[in-house]
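Asks: Starting from these lines, generate the structure:
(chains A and B)
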Amino acid sequence: RKEVEQDPGPFNVPEGATVAFNCTYSNSASQSFFWYRQDCRKEPKLLMSVYSSGNEDGRFTAQLNRASQYISLLIRDSKLSDSATYLCVVNDDYKLSFGAGTTVTVRA
Amino acid sequence: DGGITQSPKYLFRKEGQNVTLSCEQNLNHDAMYWYRQDPGQGLRLIYYSQIVNDFQKGDIAEGYSVSREKKESFPLTVTSAQKNPTAFYLCASSMEAHEQFFGPGTRLTVL
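Replies: Now for the predicted structure:
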């Protein structure tokens, strides 16, 4: 079983739509969680950290469910510029485990 | 500006050659990392270093070597023992065990 699993998508949504996707992780002792965004042929960039109580940053909302060992990301009012691959990342001490990514395409 | 730089952006290697990828950061981060990314896959950890003159193998260290002689620098050598080196190589750094910040990457192609 992979340490971090994500639905690869793609999720094709119209501008203004809401899109949500999850990732699951295998290590119940994992302490911190992140969502990164990666554009085609570019490096990953930190989108947001995920806190136990859930957190929101503008149109982005992240939730953590420790009991079921999954993390979710919700994007409201999607923009064309949100088109990217979103990487779920789990931190175990110094080592990050990356999901393969969920591709989101926002169409006009 | 603070950040992480990697060079070269593109690198071509003949079979049997060793090549070295550069990674430099001026963020004063203690920890540095090397990852490999293949199409459709997540990033896989090659090596990481928490402090100068110390580093640990990641999940796919075979065929690679690193050094950490300075806090700012963490070069990666892809040796001829790495049988499938064509990939996108990403260097990252972090303060302790916090979120990591990535350089722009090096695309290595074996001819």
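
Asks: Can you check the pLDDT for the most centrally placed residue in chain B?
Replies: Nearest to the mean C-alpha position of chain B, by Cα atoms, centre = their mean, lies B:Trp34 at 3.2 Å. pLDDT for B:Trp34: 97.

Asks: Counting neighbours, what do you get for the residue lying closest to B:Gln6 once chain neighbours are set aside?
Replies: Leaving aside its chain neighbours, B:Gln6 sits nearest to B:Gly103 (3.9 Å; criterion: Cβ to Cβ, 6 or more residues apart in numbering or on different chains). For the C-beta atoms, the positions are set from N, CA and C on the backbone; glycine is no exception. The tally of other residues near B:Gly103 (other Cβ atoms under 10 Å in any protein chain shown) stands at 22.

Asks: right, and B:Gly103 touches B:Ser7 too?
Replies: No: using Cβ atoms under 8 Å, B:Gly103 is not in contact with B:Ser7, being 9.2 Å away.

Asks: The residue nearest to the centre of chain B: what secondary structure?
Replies: Secondary structure assignment for B:Trp34 (DSSP: H, G, I helix; E, B strand; the rest coil): strand.

Asks: Which strand or helix spans A:Val89?
Replies: strand A:84-92 (DSSP states H and E).

Asks: List the buried residues in that strand.
Replies: Buried residues in strand A:84-92, counted by 16 or more other Cβ atoms under 10 Å in any protein chain shown: A:Ala84, A:Thr85, A:Tyr86, A:Leu87, A:Cys88, A:Val89, A:Val90, A:Asn91.

Asks: ok so, going back, contact partners for the residue nearest to B:Gln6?
Replies: Contact analysis of B:Gly103 by Cβ atoms under 8 Å, 6 or more residues apart in numbering or on different chains lists A:Glu43, B:Gly3, B:Ile4, B:Thr5, B:Gln6, B:Cys23, B:Gln25, B:Leu90, B:Cys91, B:Ala92.

Asks: Kindly report the same for B:Ser94.
Replies: Neighbour list for B:Ser94: B:His29, B:Asp30, B:Ala31, B:Tyr33, B:Gln100, B:Phe101 [criterion: Cβ under 8 Å, 6+ apart].
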